[in-house]
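K.L.:
Here is a sequence with its predicted model. Questions after.
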Amino acid sequence: MKYVLVAINLPVKNLFRQFIYRLPENLLQVGEGWRVIVPFGSQKVEGFVVQAFSREEAAEVLQKDNPDFSFAGVKEVSAALGTRPWFNDEMLQTAKWLAKYYLCSLAEAMRLFIPGKTSIRRKPVYQGGKLIAYDVEERLKARTVLAYNITEAGRAALQAGNPRAKVQMRALELLQQAAEPVDGKEAEAQHISAAVLRALAEKGWALRTEKRLLRNSYDRQAEWKETLQLTSEQEQAVLKIRASLDHFASSCPQEFLLQGITGSGKTEVYLRAADYALRQGRQVLVLVPEIALTTQIVQRFQAWFHNEVAVVHSKLSQNERGDVWYKMRTGEANVLIGVRSAVFAPFKNLGLVIIDEEQENSYKQEERPAYHAREVARCRCNNNSAVLLLGSATPSLETYYRAVSGSIGHLQLTFRPGNSVLPAVDVVDMREELAQKNFSVISRKLRREIVAAVHAGQQAVVLLNRRGYSTFVMCRDCGETLTCPHCAVSLVYHADEQVMRCHYCGNTYPIPRTCPDCGSRRIKFFGSGTQKAEQEISQMPGVRVLRMDQDSTATKLAHEEIIGRFVKKEANVLLGTQMVAKGHDIPDVTLVGILAADSALNLPDFRASERGFSLLIQAAGRAGRGDKPGRVVLQTYDPENEVINFAKKQDYETFAKRELAQRKVLLYPPYGQIIKLTVIDKNEKKAWELGDEVALFLRNRCEMEKWGRTEIMGPFPSGVAKVRDLYRINIVVKSMDMEKVKNCLSGSRFRTVKNIYFDVDPITAI
């Protein structure tokens, strides 16, 4: 008799243990990596088989938990999902690493590999109009169609020929020449009806079968035709990556940082490296930080690799994503391009992982488990003997430190190909604009530059990293700022809907006629978002503006339509949040305007300068990528700010050295590791009490176990102290001895407390 250890796929934080089940006779093929349906309490749920046992091995495991156990109490697996294991050994090892590193359960880690995170849906069962139970059905459904293969009898009939059955002979020829079963639609394209195929099957000349129909996850056509000549720097980078790919005969994984200024041609290096990996029979994963960045990189890869490319993004349905996973597992596609969740795709033979703009925060998942796609990719590369290639003009300081210290390879692209050069940057002091009675979000200089660019037939990109019309609404008499009743944030005015919206919980509220605090009618809108900037820019002579932000790209592939229209010159100004600042290569863009450049620099967070600098450099890099020189107008209220000056000079190395020196003193990454624990509770007092308890526990253990250099900060309120009626209290641990900290937390009762959220390597400490 065979037994299996099953991780239960339920989104429950405190379910860390696995459970043993018995396999019935009809499911003895089930083993490690299978998805199964099992009874759990009063319901049937999905589970993942972690290990298979003999009866004797199962007895040893059960005796550890309960010396008086009985096999009579062991439940039976109800069904298997699919006809083969979902997890191969490499995927299972990655899930185990992820659970240990990010302090989550194994089931939480494994469910990340499932499209939609679960394979089943609960289906209510009624009797006499009353709900009596829930049944389950599989959610991941393959679309199939009836298809036909030629049989040996059919080959013989075709060879013998039959002048009186010309259509049937043509049908047999079609089946014989086809590389896979032919369905009715394919036959009709050759003017052969489905009835003819059925007749062949009835004669035994064809065999009926089912063929899986795969949905196209990206139905845009590649328009990029140009193949570019590599520069000497690009050639050297490609040669080093190829050499690393060749070394896998001796199982020697390799990692590179490809650091190139904006417009230096990192994508060309990606393409050549991917081409070499495919020639070796390996598969390639390309991660991009946001769906808005996929358009041009997908077109480049499709133009090069055609049907080898599959695309996955957050707007896909669960079954569309399932089809992409099937293509990669079977090798029907060999290049996968996607956002962070694509790192969990099943691969037949992974050889190269490319992470474009590796410094981006969107590679880090906010909800539990709070994994970082870069770290998961590194683990999968190690498990697959694959190369990891990290690309950026402004790499994360952790990656840059690893490169300059020699831990990973460092490839550099220091100039733009051809005649293109980095754009000149002009800084505008917005305090002087106010002194000159210009209260617009657009400076006079930027206004002149936009009009001049448009009149010259050129295009401009304008960045304002705040959506909405006005960023807050305030009473001018008492100073009351209208805030969300469910979140500790100001409401943002959205002019297109004439409502105030909370950008955290999504709730909307009508604009009050009077102040809810003092009754005054002097309600005023303050601050400027993308909607207000759009209104101002659209009033400039000759300007046609497109806005690209979260509000305008809510529908599937809306971002592509906006970029496509801009490329076709249906508009000459593209305005938006950070999605306009990265990844787009549009030759006629000669001007970039950066509004409120210092807005991201003044946050009380150790990564604020890094994030702000990166965004400024990325935005500036959109200008002058064609034959015409580019220019950047950078608006700020703090022109003396060091980060602003580094951005003006586009001097990453000096900026990085300054930041690294500060982080070393303060024990921030890459010199120390961070874990942030967030206590969440509807009751503010209870949240603080639990926060105090956690902090005291950690300080006591730190002293008792003599951890290495460690700092425990807090408890203190989160940057947004309340979201959706839940109060949030933080404790931050910085340590050079993080293994001891993790072991302490893993063995503590706090690991299973539902309202404590662990974030290993957080992107923010606030």
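P.N.:
Structure's in. What do you need? Numbers count the residues shown, from 1 in each chain.
K.L.:
For this structure, which residues score under the pLDDT cut-off?
P.N.:
12-14, 117-142, 213-227, 248-253, 292-294, 556 (pLDDT under 70).
K.L.:
what residues go with each domain of it?
P.N.:
2-138, 143-213, 232-413, 424-469+528-656, 673-760 (automatic domain parsing).
K.L.:
Thr483 and His503: what is the separation?
P.N.:
Using C-beta to C-beta, to the nearest Å, we find Thr483 at a distance of 12 Å from His503. C-beta here means a position set from N, CA and C on the backbone, and glycine is covered the same way.
K.L.:
Which neighbours do these two have in common?
P.N.:
Counting by C-beta atoms under 8 Å, 6 or more residues apart in numbering, the residues touching both Thr483 and His503 are Val489.
K.L.:
From the centroid of the protein, which residue is nearest?
P.N.:
Arg340 (2.6 Å; C-alpha atoms, centre = their mean).
K.L.:
Dihedrals phi and psi, it?
P.N.:
phi -60, psi -40 (degrees, to the nearest 10).
K.L.:
Check Leu677 too.
P.N.:
phi -110, psi 120.
K.L.:
Confirm Phe750 sits in a helix?
P.N.:
Yes - counting by DSSP: H, G, I helix; E, B strand; the rest coil, Phe750 is found in a helix.
K.L.:
Neighbours of it, how many?
P.N.:
19 (other C-beta atoms under 10 Å).
K.L.:
again with Lys682
P.N.:
Using other C-beta under 10 Å, Lys682 is surrounded by 12 other residues.
K.L.:
Test my guess that it contacts Arg724.
P.N.:
No - assessed by C-beta atoms under 8 Å, Lys682 is found out of contact with Arg724, at 9.7 Å.
K.L.:
Stretch 155-170 spans what distance, first to last residue?
P.N.:
Using C-alpha to C-alpha, to the nearest Å, the end-to-end distance of stretch 155-170 comes to 12 Å.
K.L.:
which residues sit against that stretch?
P.N.:
Contacts to stretch 155-170, defined as C-beta under 8 Å, 6+ apart, come from residues 150, 172-173, 176, 190, 192, 196, 199-200, 203, 205.
K.L.:
Same check on stretch 596-615?
P.N.:
So stretch 596-615 is contacted by 359, 361, 394, 396-397, 441, 463-466, 528, 578, 581, 616, 634-638, 641, 643-644, 646-647, 652, 655, 659, 663, 666, 668, 719, 763-766 (C-beta under 8 Å, 6+ apart).
K.L.:
gap between that stretch and the chain center?
P.N.:
In this view, stretch 596-615 has its centroid 22 Å away from the chain centroid, taken as C-alpha atoms, centre = their mean, to the nearest Å.
K.L.:
Just the CA trace of that stretch, in CSV.
P.N.:
Extracted C-alpha coordinates of stretch 596-615, given in CSV (Å, rounded to 0.1, in the frame of the first residue of the first chain):
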residue,chain,number,x,y,z
ALA,A,596,7.7,67.3,-9.4
ALA,A,597,11.1,65.6,-9.7
ASP,A,598,11.7,65.7,-5.9
SER,A,599,8.4,64.2,-4.8
ALA,A,600,9.8,60.7,-4.4
LEU,A,601,13.0,61.9,-2.7
ASN,A,602,11.7,63.2,0.6
LEU,A,603,10.2,60.0,2.0
PRO,A,604,11.7,58.7,5.3
ASP,A,605,12.9,55.5,3.7
PHE,A,606,16.3,54.1,3.0
ARG,A,607,15.5,53.4,-0.6
ALA,A,608,13.9,56.7,-1.4
SER,A,609,17.0,58.3,-3.0
GLU,A,610,17.7,55.1,-5.0
ARG,A,611,14.1,54.9,-6.3
GLY,A,612,13.9,58.6,-7.1
PHE,A,613,17.3,58.7,-8.9
SER,A,614,16.4,55.6,-11.0
LEU,A,615,13.1,57.1,-12.1
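K.L.:
Which positions in that stretch come out as buried?
P.N.:
Under the neighbour-count criterion of 16 or more other C-beta atoms under 10 Å, stretch 596-615 has 596-601, 605-615 buried.
K.L.:
now swap in stretch 548-555 and tell me
P.N.:
Neighbour counts using 16+ other C-beta under 10 Å place 548-549, 551-553 of stretch 548-555 among the buried residues.
K.L.:
which other residues reach that stretch?
P.N.:
So stretch 548-555 is contacted by 292, 467-468, 494, 496, 530-531, 558-559, 562-563, 574-577, 579-580 (C-beta under 8 Å, 6+ apart).
K.L.:
One more: stretch 363-378?
P.N.:
Counting by C-beta under 8 Å, 6+ apart, 13, 94, 98-99, 101-102, 104, 108-109, 112, 255, 285, 287, 289, 340, 343-344, 353, 355, 358, 388, 390, 399, 757-763 sit against stretch 363-378.
K.L.:
In helices, which of those fall?
P.N.:
94, 98-99, 101, 108-109, 399 (DSSP state H).
K.L.:
Could you pick out which of the contacts of stretch 548-555 are located in helices?
P.N.:
Counting by DSSP H, the contacts of stretch 548-555 place 530-531, 558-559, 562-563 in helices.
K.L.:
out of these, which one sits closest to Thr678?
P.N.:
Thr530 (29.8 Å; C-beta to C-beta).
K.L.:
Enumerate every residue touching the closest one.
P.N.:
Thr530 neighbours (C-beta under 8 Å, 6+ apart): 464, 466-468, 547, 549, 551, 575-577.
K.L.:
Top of these by number of neighbours, please.
P.N.:
Neighbour counts for the contacts of Thr530 (other C-beta under 10 Å) peak at Leu464, which has 28 neighbours.
K.L.:
That one contacts Met579, correct?
P.N.:
No - judged on C-beta under 8 Å, Leu464 makes no contact with Met579 at a distance of 11.7 Å.
K.L.:
Please identify the helix or strand for Ile680.
P.N.:
Secondary structure from DSSP states H and E places Ile680 in strand 673-681.
K.L.:
now swap in Thr209 and tell me
P.N.:
Taking DSSP H and E as the definition, Thr209 sits inside strand 206-213.
K.L.:
Show me what that strand is packed against.
P.N.:
strand 143-150, helix 166-177, helix 194-202 (3 or more C-beta pairs under 8 Å, 6 or more residues apart in numbering; DSSP states H and E).
K.L.:
so which of these gets nearest Leu446?
P.N.:
With respect to Leu446, and counting by C-beta to C-beta, the nearest of the helices and strands packed on strand 206-213 is strand 143-150 at 51.3 Å.
K.L.:
could you give the angle of the next helix or strand after that closest one to strand 206-213?
P.N.:
Scanning forward in sequence from strand 143-150 by DSSP H and E, the next helix or strand is helix 152-160. Interaxial angle of helix 152-160 relative to strand 206-213 (axes from the mean of the first three to the mean of the last three C-alpha atoms, to 10 degrees): 110 degrees.
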